[in-house]
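Undergrad: Only the shape, not the letters, is given here:
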């Protein structure tokens, strides 16, 4: 007999309640138990959203530059997407509406203090840096020097994991997420009901997270800053403190 894969939050919650021994065979969860478990599931997914290895896809969104010093990012903003926690990558494009647009990477400033050190923030010139101020509910993207309308700004962010509105929503996630949600929700239910943690469930939860991590892993090629490369190229001799082919 084939057992169907969980299709809704209700399926996940019922399995987790049974696995945690909150429900017995043939028992039905109360409305309060379902509501509490549903809230725990959404909170858990919101936490996963902040972990790169839990996100199955990066997306790139664009906005035509307008000469503004900053652009809002979030629902209803200039970049009308779910508000991301940070930028994964950013670039701008010249000649975006031509057959051969040219992309230029932007160096991401990770701290407000780095952006604040810029002396002339209203400078209009060839863009070099992007700073993402993760405000809420709308974040702000600063690109410096300020690009005019000849350029298009592109940001790469993590795909938003599904947040459920009702327990009967259809789960729209890769299939490996179902087991991870069930086993890890079970761990949350142990704490909620004051039950002892099963070592088997703990290992299953950890293994399900590793499977997702391995599936989602994307390791970019190492980029060495120019300042660290020096003037020479070749193989470094650790015993003689020189690069092979250069003068020792």
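TA: That came through, no problem. The structure displayed is predicted, hence computed values, not measured ones. Numbering: from 1, shown residues only.

Undergrad: Where do the strands of this structure begin and end?
TA: 58-64, 70-73, 89-94, 102-105, 107-109, 129-133, 139-144, 151-158, 236-237, 242-243 (DSSP state E).

Undergrad: pLDDT (mean, whole number) over the fifth one?
TA: Averaging pLDDT along strand 107-109 gives 96.

Undergrad: So what's the gap between stretch 89-109 and the chain middle?
TA: 21 Å (C-alpha atoms, centre = their mean, to the nearest Å).

Undergrad: can you list the weak-confidence ranges in the protein?
TA: 1-5, 224-248 (pLDDT under 70).

Undergrad: Stretch 35-48: which residues count as buried?
TA: 36, 37, 38, 40, 41, 44, 45, 48 (16 or more other C-beta atoms under 10 Å). Every residue, glycine included, has its C-beta placed from N, CA and C.

Undergrad: My error: substitute stretch 209-224 in the last question.
TA: Result for stretch 209-224 [16+ other C-beta under 10 Å]: buried residues 209, 212, 216.

Undergrad: In contact with the second one, which residues are there?
TA: Pointing back at residue 212 there. Going by C-beta atoms under 8 Å, 6 or more residues apart in numbering, residue 212 touches 53, 54, 56, 176, 177, 180.

Undergrad: again, 7 Å this time
TA: Taking C-beta atoms under 7 Å, 6 or more residues apart in numbering as the contact definition, residue 212 lies against 54, 176, 177, 180.

Undergrad: Okay, it and residue 184: tell me how far apart.
TA: Applying C-beta to C-beta, to the nearest Å, the value for residue 212 to residue 184 is 10 Å.

Undergrad: and if you look at the last one?
TA: Here the distance between residue 216 and residue 184 works out to 16 Å (C-beta to C-beta).

Undergrad: Nearest the middle, which residue of this structure would you pick?
TA: For the chain, residue 158 is the residue whose C-alpha lies nearest the centre (C-alpha atoms, centre = their mean; 3.4 Å).

Undergrad: Run through the bridge partners of that one.
TA: Residues in a beta bridge with residue 158, per DSSP bridges, are residue 58.

Undergrad: Was I right to think it contacts residue 56?
TA: No - the pair residue 158 / residue 56 is not scored as a contact, 9.3 Å apart, by C-beta atoms under 7 Å.

Undergrad: domain assignment for the protein?
TA: 9-53+170-214, 58-158 (automatic domain parsing).

Undergrad: can you tell me which of those comes nearest to residue 221?
TA: domain 58-158 (12.8 Å; C-beta to C-beta).

Undergrad: Ends of the closest one, what's the gap?
TA: Start-to-end span of domain 58-158 (C-alpha to C-alpha, to the nearest Å) is 5 Å.
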